[in-house]
Structure formats: structure tokens, C-alpha cells
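*Asks:* Sequence first, then the predicted structure, then my questions.
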Amino acid sequence: MAIEFKPSPSLPPPVNSVGAVAWVRQNLLSSPLNVFLTLFSVYVMYLLIPPVVEWGFVNATFTGASKAECTAGGACWAFVGVYFKQFMYGLYPSEETWRINLALIALVILIGVFAVKTVNKLYLSLVIILVYPVVAYFLFAGGVFGLEVVETSLWGGLFLTTLLGVVGIVASLPLGVLLALGRQSNMPIAKSVCIVFIETIRAVPLITILFMASVMIPLFLPEGMNFNKLLRVLIGITLFSAAYMAEVIRGGLQAIPKGQYEAADAMGLTYWQSMILVILPQALKLVIPGIVNTFIGLFKDTTLVYIVGMFDLLGRIQAATHDSSWLGTTIEGYAFAGFVYWAACFGMSRYSMRIERKLETGHKRN
Amino acid sequence: MTSTNMARAQLEKGEEAIIEFNDVNKWYGDFHVLKNINFSIKKGERIVVCGPSGSGKSTMTRCINRLEEHQKGTILVDGVEMNNNLKNIEAIRKDVGMVFQHFNLFPHLTILENLTLAPIWVRKQPKKQAEEMAMHYLERVKIANQALKYPGQLSGGQQQRVAIARGLCMQPRIMLFDEPTSALDPEMIKEVLDVMVQLAEEGMTMVCVTHEMGFAKTVADRVVFMDAGEIVEANEPHEFFDNPQHDRTQMFLSQILNH
């Protein structure tokens, strides 16, 4: 007689392996070394946190017109308050800053529209990539529709930092993809051009490139054929991070099993079809951490434009600390800069983790 | 090579060849991997290619759609010569479906998207039509209910059936199978072979590299035995298994059948 197979029922886990107590036991007190490290960390936090809180909040001064009014012994946040507009917009005329705010709000709305299911994502991407930058440029620079012209030399603060970062990021990714594909190409000329470009750029510090862009290029160009310094710096930053991006993406391309390329070929897809539809979506997903790493590095590297006489967020803060009525506020200034950069970079990092989770399709290998 | 053991490698007069190998040679560096391959396959024929590993059987099959490039000789597929002309390569690949040992489904696309990708982009079919056809083939391989899952969520046997359906969606005239069951657990081999048998019964031209001798006996029109880059023997299955001409073939068969 056949015996019917019945799997035994699943049992709940033992009580001491779930819950908060179990978490503490597992993560903080699992071994003598861990107990020691936990206690040590608590002690270090005890040493550090109270003085910082006291300086930054309890004894801090939040309003006032000069350093002399900060008498409580703590941080002088009044400095940041007074200079806040400059930190955000640089020397952009204050009655025109609504143009920057408007462009920012428009961008947030456009990106928010992505969440709406019924919208054609392709058209929306095209609007963001092709239409938005043009509109934003005229909004910032003025000269059309009766908008007052604002010279790019007045652009500064967080506005300039964001502009450099966003343009650098948006332009360097596609360029990096092209360079990575070129480096893997079978065509000898394309391949050598890409290798020479990547290796040259990577061998040069960003500062050198910025100097080249701001000082050398105008010397080489014929009289009267000069173009905007901001544009030159933007191109320099973009090329610089594209070279790094290319190597990150090449790592992703190499991680894709050969079978994926073969399957795409065997179907009759053309080179570009198989790259865009099959290989790149997988390769880029694999290297999201590396790409975001490059983005974050690029965002922080934009502070170097200070050296070629452009006043981004850090540059503005440094300039403000030299104000004679606010001498001695360097720490507050740098703390504020550190906080803004941290918030931006942490945001990017969290966002990238979200994207990674969203793109996870339950496979690790094929 | 004597004329007797090669008798069935060439077609008889009047038979129309859909794949023709003429003196095909290929080297990997100094290693001569395919040596003077002369072989014709007619429309609707089911060919099983067997042989020890490293014998060049996969390489020969992959030359048909130029996943491997041959350096000497000519390969004609459906009258089109496989050479460096991109137009020819694309034309041939449109007509030749391929199933791989490791499935090679695209893990970032759903099953349905895997099937409709080539019809939409290569055959320029409207999305709706491509999806209808994809569902038709998924039903034939009995996994229509998995259409919206990702390949990583399917078993090996299911993935390989999807891969076969994906090949069929391009409505190819020839299907190539490169060891389609070698990466599968024994329990899953049968479900894949069943699909292949069904396909064979419908008259698809098939070239199948496999170690499944049972499949070769029941389905193949001709079995090709390769060793060291050469076609040693090609014959109808009953002749091939019951009366192998060549010593090398006899040795190979005794090794794989006697256990």
C-alpha cells in the first residue's frame, strides 16, 4: 500500500531568538570583545556628544548683527543667518533669486511627475534632459522675455555647487557609457582614442584640468573667440568625472556573462540594440554603488572651483569668514558647509540604495 | 576520410540543403578546432551532433549563426553566405533561433519581455502582436502562467523552456540547441526534451548538440559524431547506433551506452 507523504508543520522560532532583547544580545553583547567594544563606544559618545550639543544648541546664539553679539560662549549661528542668502545664491541679485527657486521647484515637480503611472516616461525624460536645461539656462542667465541679464560671474553659493554637480553628473554618465563601450570596442581607432582619453584624464589632478580650463584655453584660443569661464569649468569637470565613470561602467560590462552578449547576438539584435536593451541595463545596475561613488566624489570636488576664482558654497563661506564684523566664525561656517555637503551626499547614497532595491528582480546569476 | 563513413554527411542529388558547410576550418590561435568540415543539412531535418568534449561540436554549431567565426571555407544558411557582411549576418540570425546550455535569459526582463524583445526590435512587430505570439508559444511550452515573473524566479527546466519559446518567437526556419539539457537536474531534463520532441514532430529544422542518446535515437534523422575537430561519422540513428563504421565511434558509444 502506498504511503501518502505529508510534510510536517512549520514551528515558530524559539522566543529568545526574536525581539529587542535578542537584537541587543546578538548585535551588542555576543562575545566578550563585543561587550568591551559596546561599553567603549558608549564612553566615547558620553565624552563627545554633551559638549557638542552644548556648543551647537544650548549656548549658541541664533540672531545678531555681528560676532560681538555672540556672547553666550557657544556657536554663533547668527553668522550663518546673516549670510544665508549669499551662501545659497552667491552674488546673484537678491530681487532675481526667485528665478533660481522657480527652476528648482520646476525640476522637483518634473521628477515628481515620474511617479504618476499614466505619464509617458520617455517623453518626460526627453523634456527633463532636453527642454529643461535650455529653459533653466535662460531663466538663470536672463536676456529673454524681459528678464534681467545676470552675468555668470555673479552665480555662486549652493546654487553654483548644485549647478556644477548636477550638470557634471547628468553629462558625465552618458559620456562615461560611450567611453566604456569604446574601450571594449573591436574597432581599433575608437578603442585607442577612448583608452588615451581615459588614461590621460585619470593621470591628471582635477585642479590641473580646472586651471587649463580657466587660464590656458583662453591663451590658446584666437582673440575674440572666447567662451564663458563657467562653461569651460563645467566641461572640465564633466570630462574628468566621465573618465572615472567609464572605468566604473567597464567593470559592470565585464561582469555580464558572455552568454548574455551571445543570446542578444543570436537573436539578431544590432550592436546598439543589444547594448541598450540587454547589456547596459544589467551592467549599470550592477555598478550603481560605483556610479554613486563617482557622483558623490564629483559633487565634493566641485569645491575646487574656488581655486579658479569661482565662489561656490564653500568659497562663499570662506569669503564671509573674512568679514571684519564676523571674524572668528570659521568653525560655524565650516560646520554649516559640512552639514550641507553631508546632507546632499547622504541623500544621494540613500536614493541609490532605493533604486537598487527597486531594480532587484530576484536573480543574482543567470 | 573514406567515402563510406561520410556517405550521409552530404546530401543526395535533388535534396535541397538549408545549411551547407564547405571545407570549413577554424583555429583558436594555433589550435585547429574545426578541420575540413563538409556537411549539409536539408530543410526539416533533425540533426544530433555528439562527441567527446573539445571535439568541436559546439563550435561547429555556433559557426552557423556566427557566434564563432570560421577562417576558411564557406557556410551557406538558407542560400545566404555567412561572411563578414553585417547584412548577411543579420539576415541569417533572424532565421536561426538558438538555445544555450545556460539558458541565457535576460534576468532584468520578465519572461514576456524576454520573448517579445527580438520580435519588436528585430522584426519590428507591434508590441501587442508580439505579446500575443509570445503567449502562444509560452502556452505551447506550458508556462504561460509565469509570463510576468523574472527568469531568476523559475526553475532551470522552466527557464530552458522559456529559452526555447524565445527562440520560436522569431519564427525561425532553423533552431540550434547547444547542449540544452546539460545544466539541468535529472528531474527537469524530461520536460525540456518533451518540448524539443514536439518541435521536431512539427517539422522544424533542428541542429542539436547533446549527450542525450535516447533523444538522438527517437528524434534524429541523422546523428553526427565528431572528434578532434572532424566529422568522423554521420548516419541514420539505427545505423549509427547498431552498426557504427568507425573504431572511434564504437569506442565512444561503448563508453556512453554501457553503464
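*Replies:* Cool, the structure landed.
*Asks:* host element of A:Leu280?
*Replies:* Using DSSP states H and E, A:Leu280 sits within helix A:280-286.
*Asks:* Number of residues surrounding A:Glu356?
*Replies:* As a burial measure, A:Glu356 scores 14 neighbours (other C-beta atoms under 10 Å in any protein chain shown). C-betas here are computed from N, CA, C, even on glycine.
*Asks:* Tell me the secondary structure of A:Leu253, please.
*Replies:* Reduced to three states with DSSP: H, G, I helix; E, B strand; the rest coil, the structure at A:Leu253 is helix.
*Asks:* quick one: secondary structure of whichever residue of chain B sits closest to chain A?
*Replies:* Going by C-beta to the nearest C-beta, chain A is nearest to B:Gly152 of chain B, at 2.6 Å. Under three-state DSSP, B:Gly152 falls in the helix class.
*Asks:* what residues does the stretch 151-259 of chain B put near chain A?
*Replies:* B:151-153, B:166, B:170 (C-beta under 8 Å from any C-beta of the partner chain).
*Asks:* repeat that for 10 Å
*Replies:* Listed as neighbours of chain A in the stretch 151-259 of chain B under the rule C-beta under 10 Å from any C-beta of the partner chain: B:151-154, B:159, B:163, B:166-167, B:169-170, B:172, B:176, B:178.
*Asks:* Quick one, which of those residues are buried?
*Replies:* B:151-152, B:154, B:159, B:163, B:166-167, B:169-170, B:172, B:176, B:178 (16 or more other C-beta atoms under 10 Å in any protein chain shown).
*Asks:* Tell me where the model's unsure across chain B.
*Replies:* Chain B contains residues with pLDDT under 70 at B:1-15, B:258-259.
*Asks:* What ranges does the stretch 251-366 of chain A have for its helices?
*Replies:* Here the stretch 251-366 of chain A has its helices, by DSSP state H, counting those that start in this stretch, at A:258-266, A:271-273, A:280-286, A:288-301, A:313-321, A:330-359.
*Asks:* hang on, isn't the residue of chain B closest to chain A packed against B:Gln146?
*Replies:* No. Using C-beta atoms under 10 Å as the test, B:Gly152 is too far from B:Gln146 to be in contact (11.8 Å).
*Asks:* which neighbours do these two share?
*Replies:* B:Gln159 (C-beta atoms under 10 Å, 6 or more residues apart in numbering or on different chains).
*Asks:* gap between B:Met206 and B:Gly44?
*Replies:* Separation of B:Met206 from B:Gly44 (C-beta to C-beta, to the nearest Å): 9 Å.
*Asks:* so which helix or strand takes in the residue in the stretch 51-200 of chain A that chain B sits nearest to?
*Replies:* Nearest to chain B, among the residues of the stretch 51-200 of chain A, is A:Asn186, at 11.5 Å (C-beta to the nearest C-beta). For A:Asn186, there is no helix or strand it lies in under DSSP H and E.
*Asks:* pLDDT at it, what is it?
*Replies:* The model reports A:Asn186 with a pLDDT of 87.
*Asks:* For it, give me phi and psi.
*Replies:* phi -90, psi -10 (degrees, to the nearest 10).
*Asks:* and the closest residue to A:Val144 other than its chain neighbours, how many neighbours?
*Replies:* Among residues not flanking A:Val144 along the chain, A:Phe138 sits closest, at 5.1 Å (C-beta to C-beta, 6 or more residues apart in numbering or on different chains). The number of residues packed near A:Phe138 is 15, by other C-beta under 10 Å.
*Asks:* got the contact list for A:Phe138?
*Replies:* By C-beta under 10 Å, 6+ apart, the neighbours of A:Phe138 are A:99, A:103, A:144-145, A:147.
*Asks:* quick one: secondary structure of it?
*Replies:* helix.
*Asks:* just B:Gly97 next, same as before
*Replies:* strand.
*Asks:* Pairing partners for the most centrally placed residue in chain B in the sheet, please.
*Replies:* Residue closest to the average C-alpha location in chain B (C-alpha atoms, centre = their mean): B:Leu176, at 2.1 Å. For B:Leu176, the beta-bridge partners under DSSP bridges are B:Met98, B:Val207.
*Asks:* hang on, isn't it packed against B:Val207?
*Replies:* Yes. B:Leu176 is within contact range of B:Val207, at 5.1 Å (criterion: C-beta under 10 Å).
*Asks:* Contact partners for residue 87?
*Replies:* Unless you meant another one, I'm taking chain A. So A:Phe87 contacts A:80, A:156-159, A:161, A:312-314, A:316-317, A:320, A:333, A:336-337, A:340 (C-beta under 10 Å, 6+ apart).
*Asks:* Chain B, not that one
*Replies:* B:Val80.
*Asks:* any idea which helix or strand carries it?
*Replies:* helix B:86-95.
*Asks:* next one: that helix to chain centre, how far?
*Replies:* In terms of C-alpha atoms, centre = their mean, to the nearest Å, the centre of helix B:86-95 is set 17 Å apart from its chain centre.
*Asks:* just stretch A:204-218 next, same as before
*Replies:* 22 Å.
*Asks:* Helix, strand, or coil at the nearest residue to A:Phe57 once chain neighbours are set aside?
*Replies:* Nearest non-adjacent residue to A:Phe57, counting by C-beta to C-beta, 6+ apart: A:Gly74, 7.6 Å away. The three-state assignment at A:Gly74 reads coil, by three-state DSSP.
*Asks:* how about A:Gly74, phi and psi?
*Replies:* phi -100, psi -160.
*Asks:* wait, isn't it in contact with A:Ala335?
*Replies:* No. Between A:Gly74 and A:Ala335 there is no contact under C-beta under 10 Å: 11.8 Å.
*Asks:* Just the strands from the chain, written as ranges.
*Replies:* In the absence of a named chain, this looks at chain A. Counting by DSSP state E, chain A has no strands to list.
*Asks:* right idea, wrong chain: chain B
*Replies:* B:17-28, B:31-42, B:46-50, B:72-77, B:80-81, B:96-99, B:174-178, B:205-209, B:222-227, B:230-235.
*Asks:* still on that earlier bit, what residues are shared contacts of B:Leu176 and B:Val207?
*Replies:* B:19, B:47, B:49, B:61, B:64, B:96, B:98.
*Asks:* contacting residues for the fifth one?
*Replies:* It refers to B:Ile64. B:19, B:21, B:41, B:70, B:75, B:77, B:82, B:92-93, B:96, B:98, B:174, B:176, B:207.
*Asks:* how about stretch B:138-145 as PDB, C-alpha atoms only?
*Replies:* Below are the C-alpha coordinates for stretch B:138-145, written out as PDB (Å, rounded to 0.1, in the frame of the first residue of the first chain):
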ATOM      1  CA  LEU B 138       4.500  30.100 -23.700                       C
ATOM      2  CA  GLU B 139       1.300  28.000 -23.700                       C
ATOM      3  CA  ARG B 140       3.000  25.600 -26.000                       C
ATOM      4  CA  VAL B 141       5.900  25.100 -23.600                       C
ATOM      5  CA  LYS B 142       3.300  25.100 -20.800                       C
ATOM      6  CA  ILE B 143       4.400  28.100 -18.700                       C
ATOM      7  CA  ALA B 144       2.000  30.800 -19.800                       C
ATOM      8  CA  ASN B 145       1.100  31.400 -16.100                       C
END
